[in-house]
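Participant: Sequence first, then the predicted structure, then my questions.
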Amino acid sequence: KNEVEQSPQNLTAQEGEFITINCSYSVGISALHWLQQHPGGGIVSLFMLSSGKKKHGRLIATINIQEKHSSLHITASHPRDSAVYICAVHYTGTASKLTFGTGTRLQVTL
Amino acid sequence: GAGVSQSPRYKVAKRGQDVALRCDPISGHVSLFWYQQALGQGPEFLTYFQNEAQLDKSGLPSDRFFAERPEGSVSTLKIQRTQQEDSAVYLCASSYGTGASGANVLTFGAGSRLTVL
C-alpha cells in the first residue's frame, strides 16, 4: 500500500473548469511537494509547503497538517495544464528522501 | 548550469551489460537525489548525496546499483549486469539546501530512460 494516496487517479475536465486534486498521507511530515510531469518531460516543482496555503498564478496548494491532507487547485483550467500531478512528502525524520504518490493524470479538453 | 542536466536521455542495453547514467546538478546545489520511475508509477527514492557524502542509499534495489559524487557536483549512477526489471526512467534532482527546509525546493532533470532488452 502506497503511503501517499492521491485522488482521483485520472481526471478529465473541460477548459475553464475548477480542478481539485487531493493527497493524503499516513504519518507526520515535515514538508509536502506538488510536482507536475508532462508526457515525456521532466518533473517541475510547483509548490513546497509545510503549513497553510500557497498560490502561484492559477494554482493554489493547501495543506491541513492535523488531517494529513493536501489539495492542489487549478482555477480556470486550460489544455496546457494537461499533465500528471504528483504529491510527494518528506516524512518526519526522513528529510533526505521524498515518498511519492502515484500521480493524478489530468486531461483538459477544449 | 541553468538546470539539472542528465545524460544520456535514452539508453538501450542488452541484459547483462553495465550502464552509467550521469547527472550534472545546478551549480552550488548541495543536495542531490536519484529516483527510479517505472512506467505508470510514481518515482521511487534510490539514494541521496549531501555534497560528496552519500548519506542515504537505502533505496538502491540491489548491490548491482552504485552511485557516486566524488567532487560534490556531478553524480553517476552505475548499474551492473542490467536486468529487464531495471528498465525505467532514472531521475536526478538537486536542491540548494539540505533537509526539508524552505531552501529545499527541488529541481529535477529530464531523466534518463533505460530500456534493457
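Facilitator: Received, thanks. Residues are numbered from 1 along each chain as shown, chains lettered A, B, ... in the order given.

Participant: can we go C-alpha only for contacts and neighbour counts from here?
Facilitator: Will do.

Participant: Might one say that B:Val105 is in contact with A:Met48?
Facilitator: Yes - assessed by Cα atoms under 8 Å, B:Val105 is found in contact with A:Met48 at 6.5 Å.

Participant: show me what contacts B:Cys92?
Facilitator: B:Val4, B:Gln6, B:Cys23, B:Leu32, B:Phe33, B:Trp34, B:Tyr35, B:Phe108, B:Gly109, B:Ala110, B:Gly111 (Cα atoms under 8 Å, 6 or more residues apart in numbering or on different chains).

Participant: circling back to that earlier point, look at B:Val105 and A:Met48 and report which has more neighbours.
Facilitator: A:Met48 (23 against 20; other Cα atoms under 10 Å in any protein chain shown).

Participant: what separates the more buried one from chain B, distance-wise?
Facilitator: For A:Met48, the distance to chain B equals 6 Å [Cα to the nearest Cα, to the nearest Å].

Participant: you'd agree B:Gln41 is up against A:Arg105?
Facilitator: No - taking Cα under 8 Å as the definition, B:Gln41 is not a contact partner of A:Arg105, at 11.3 Å.

Participant: So for these two, which sits in the more crowded spot?
Facilitator: A:Arg105 (21 against 13).

Participant: if you skip the residues just before and after it, what's nearest to B:Lys78?
Facilitator: Distances taken as Cα to Cα, 6 or more residues apart in numbering or on different chains put B:Ala20 closest to B:Lys78, at 4.4 Å, once the chain neighbours are dropped.
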